[in-house]
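[1] following is a predicted model, sequence given first.
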Amino acid sequence: MTLLDDLSAIVGGAFEKAGLDPALGKVKPADRPDLAQFQCNGALVAAKAVRENPRALAERIKSILSDESAFSEIAIAGPGFINFKLDDQRLVDCVSETFCAGNAPGWRREQTEKIVVDYGGPNVAKPLHVGHLRSAIIGESIKKICRAAGDDAVGDIHLGDWGLQMGQLISELQLRSPELPYFDEGASGPLPEEAPVSFKDLEEIYPAASAACKADPERAELARKATKRLQAGDQGYRALWRHFVDLSIAAMRRNYDDLGVHFDLWKGESDVDPLIPDIARDLSERGILETSDGAKIIRIERDDDKKDMPPIIFETSQGAAGYHTTDIATVVDRRDALAPDRILYVVDARQRLHFEQVYRAVDRAGYFPEDRLEHLWFGTMNGKDGKPFKTREGGTLKLRDLIVMVTEKARNRLAENDLAADFTETETEEIAKQVGVAALKFADLSNPRTSDYIFDIDRFTSFEGKTGPYLLYARARIRSVLSKAQAAGAGAPGPISISCDEERALALSLAAYPDIFRDAYQKRLPHFLCEAAFDLAQAFSRFYAACRISDEDNETLRASRLTLASTVGAALDTTFELLGIEAPERM
Ligand code: ARG
């Protein structure tokens with residue numbers, strides 16, 4: 001039970017004794033932390049219904065609670081708000097139960113689910129864009145948040161490995177090197193194990209192919225034909241395609257590893273291609289698939305639709321399956337292979353209509369209930385020009401370049417702040433990378449998921465303000481405070497006891513954590529955790545400025561403060577883990 005649940009149950013009990021609905025006793029953090037710690041607005045809500053003066057009603061609730069040990073103070077404010085201060089011992093118990101007893105983040109679902117998280121979604125051979133970057137960062141965090149809440153969450157990268165870009169690539173290579181054995185029509189001999197091109201070559205071939213197809217309709221037709229021949233199972237094309245996919249995956253793995261993003265499944269659109277004929281048959285037999293202008297479509301509009309809901313094109317008049325089709329087949333595949341209770345899609349906002357269409361279609365077909373498919377969409381990371389962020393060269397984003405860029409910036413920032421100065425070069429470099437990646441990830445995650453934000457590397461890498469580097473530094477400082485205390489013979493940590501406002505404020509921030517975590521889980525909003533971490537770091541700073549630790553004479557206080565410091569450290573570690581941020585031991 002979280003603290004707010006606990007308090008709400010107590011205050012709800014008082015409302016019940018007063019003959020009212022216990023739900024009115026909902027307790028939340030005070031809007032005015034200078035006046036109170038917690039508040040309940042239930043008396044105001046109830047007063048209208050029971051025609052009683054709200055202040056009088058609030059007084060009644062207060063007197064029912066007069067023997068309650070959880071609160072050290074209850075006061076009525078304004079028209080009938082009930083304000084509470086928590087009893088210090090209760091506060092300490094709450095912190096100890098969560099963090100000292102190893103129960104962080106302090107809340108778990110009663111009934112857990114099997115969840116597939118579909119995130120990342122890069123396309124083979126095509127460059128990444130910021131949507132892919134955000135998807136990877138946010139998806140990784142959401143997967144970890146689900147796991148910490150008890151769910152069995154599986155992350156699937158869902159590679160775009162089956163579209164027109166594959167035909168563009170193959171046809172380009174065929175034009176350049178027609179002598180390669182992959183292009184012998186009808187040949188069935190063994191094909192080389194070694195790829196005919198490197199990943200670097202692919203990085204050049206794809207943009208050239210894509211530009212050529214854009215410029216010349218005949219060239220585009222070649223690409224379309226190649227895509228069709230690939231999808232029809234041509235042996236040489238398939239072998240070539242496999243090489244392209246393998247090369248891309250190897251490169252992606254390295255980049256995602258650097259970013260601290262790890263997928264359990266590396267499945268792709270191509271994996272579900274074999275399922276499509278059966279699905280088509282099933283849908284046709286049940287009258288769900290209709291023919292319209294030579295194409296096969298699924299209608300998904302509903303009577304109460306407020307906006308246009310165009311049908312899904314399941315198969316074009318040329319017989320090709322598109323993006324909707326692979327997504328429908330992927331739902332079926334996941335249902336059969338993993339039996340998930342729910343699938344989360346972390347994909348950018350521009351695909352909202354796409355997912356709504358897919359969800360309606362699979363629901364209509366009875367494949368998967370729509371209310372268990374969630375599109376966790378997000379806004380764009382823009383450059384200072386307000387357009388989707390691009391690297392300085394103007395090209396689309398390369399993850400590798402971005403990581404190099406933030407690492408370099410972090411290295412300068414460390415030097416400016418005289419941090420990680422007398423470490424070995426290897427360690428400094430490792431720290432610079434961790435700080436750079438943390439800056440990037442924290443900036444992304446601390447913005448509300450659904451908003452756009454501006455990529456501002458100077459701000460992201462600053463050691464001041466709500467940034468990744470500030471938090472990593474705060475964490476490293478807590479470690480160093482503790483190890484210095486150890487070295488100074490400060491003794492063992494002991495039970496928390498609260499002797500001043502700064503300690504109380506720090507304990508309150510810690511006690512708030514499980515509720516914040518639950519909110520982050522239920523709303524799938526990692527930025528709540530970023531706020532919590534920032535709040536903890538600031539509360540620690542104030543505590544550290546006001547309170548002695550290793551040189552505190554009172555042994556009980558000294559032991560308590562050691563515990564408080566290590567508990568904040570543990571809470572920050574929990575947060576970094578949930579956000580997918582790696583923190584250096586020292587800096
Ligand atoms: N590859 C897609 C793109 O680049 C993203 C895939 C998202 N996931 C999905 N199941 N459709 O836009």
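    That came through, no problem. Note that the coordinates shown come from a computational prediction; the quantities given were computed from them, not determined experimentally.
[2] just say helix, strand or coil for the residue nearest to Ser284 when sequence neighbours are not counted.
    In this structure, Ser284 finds its nearest non-sequential neighbour in Lys296, 7.7 Å apart by Cβ to Cβ, 6 or more residues apart in numbering. Any C-beta I mention is one placed from the backbone N, CA and C, and that applies to glycine too. Counting by DSSP: H, G, I helix; E, B strand; the rest coil, the backbone at Lys296 sits in strand.
[3] equivalent analysis for Tyr256, please.
    Following three-state DSSP, we place Tyr256 in the helix state.
[4] how much space between it and Asp444?
    Separation of Tyr256 from Asp444 (Cβ to Cβ, to the nearest Å) stands at 15 Å.
[5] who has more neighbours out of these two?
    Just comparing Tyr256 and Asp444: by other Cβ atoms under 10 Å the higher neighbour count belongs to Asp444, 26 against 18.
[6] export the host helix or strand of that one to CSV, keeping only CA atoms.
    Per DSSP states H and E: Asp444 is located in helix 425-446. What follows is helix 425-446 as a C-alpha-only set of coordinates in CSV (Å, rounded to 0.1, in the frame of the first residue of the first chain):
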residue,chain,number,x,y,z
GLU,A,425,42.0,8.5,-19.4
THR,A,426,39.9,5.3,-19.9
GLU,A,427,37.8,6.0,-16.8
THR,A,428,37.3,9.7,-17.8
GLU,A,429,36.3,8.6,-21.2
GLU,A,430,33.8,6.0,-19.9
ILE,A,431,32.3,8.7,-17.5
ALA,A,432,32.0,11.2,-20.4
LYS,A,433,30.1,8.6,-22.4
GLN,A,434,27.8,7.8,-19.5
VAL,A,435,27.2,11.5,-18.8
GLY,A,436,26.6,12.3,-22.4
VAL,A,437,24.1,9.4,-22.9
ALA,A,438,22.4,10.3,-19.6
ALA,A,439,22.1,13.9,-20.7
LEU,A,440,20.4,12.8,-23.9
LYS,A,441,18.1,10.2,-22.3
PHE,A,442,17.2,12.3,-19.3
ALA,A,443,16.3,15.3,-21.6
ASP,A,444,14.1,13.0,-23.6
LEU,A,445,12.4,11.3,-20.7
SER,A,446,11.9,14.4,-18.6
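[7] residues of it that come out buried?
    Within helix 425-446, the residues that count as buried by 16 or more other Cβ atoms under 10 Å are 428, 430-446.
[8] and Gly379, backbone torsions?
    The phi/psi pair for Gly379 (degrees, to the nearest 10) reads phi -80, psi -170.
[9] equivalent analysis for Asn123, please.
    Dihedral angles for Asn123 - degrees, to the nearest 10 - are phi -110, psi 130.
[10] and the single nearest residue of the stretch 251-400 of the chain relative to the ligand, how many neighbours?
    Closest to the ligand within the stretch 251-400 of the chain is Val347: 4.4 Å, counting by Cβ to the nearest ligand atom. Neighbourhood size, Val347 [other Cβ under 10 Å]: 25.
[11] how far does stretch 210-224 sit from the chain's center?
    Relative to its chain's centre, stretch 210-224 lies at 37 Å (Cα atoms, centre = their mean, to the nearest Å).
[12] just the CA trace of that stretch, in PDB.
    In PDB, the C-alpha atoms belonging to stretch 210-224 read as follows (Å, rounded to 0.1, in the frame of the first residue of the first chain):
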ATOM      1  CA  SER A 210      16.000   6.100 -52.900                       C
ATOM      2  CA  ALA A 211      17.000   9.300 -54.700                       C
ATOM      3  CA  ALA A 212      17.100   7.500 -58.100                       C
ATOM      4  CA  CYS A 213      13.600   6.100 -57.500                       C
ATOM      5  CA  LYS A 214      12.200   9.400 -56.500                       C
ATOM      6  CA  ALA A 215      13.600  11.000 -59.700                       C
ATOM      7  CA  ASP A 216      12.700   8.400 -62.200                       C
ATOM      8  CA  PRO A 217       9.400   6.500 -62.400                       C
ATOM      9  CA  GLU A 218      11.000   3.700 -64.500                       C
ATOM     10  CA  ARG A 219      13.600   3.200 -61.900                       C
ATOM     11  CA  ALA A 220      10.900   3.200 -59.200                       C
ATOM     12  CA  GLU A 221       9.100   0.500 -61.100                       C
ATOM     13  CA  LEU A 222      12.300  -1.700 -61.000                       C
ATOM     14  CA  ALA A 223      12.300  -1.300 -57.200                       C
ATOM     15  CA  ARG A 224       8.600  -2.300 -57.000                       C
END
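[13] alright, that wraps it up for me.
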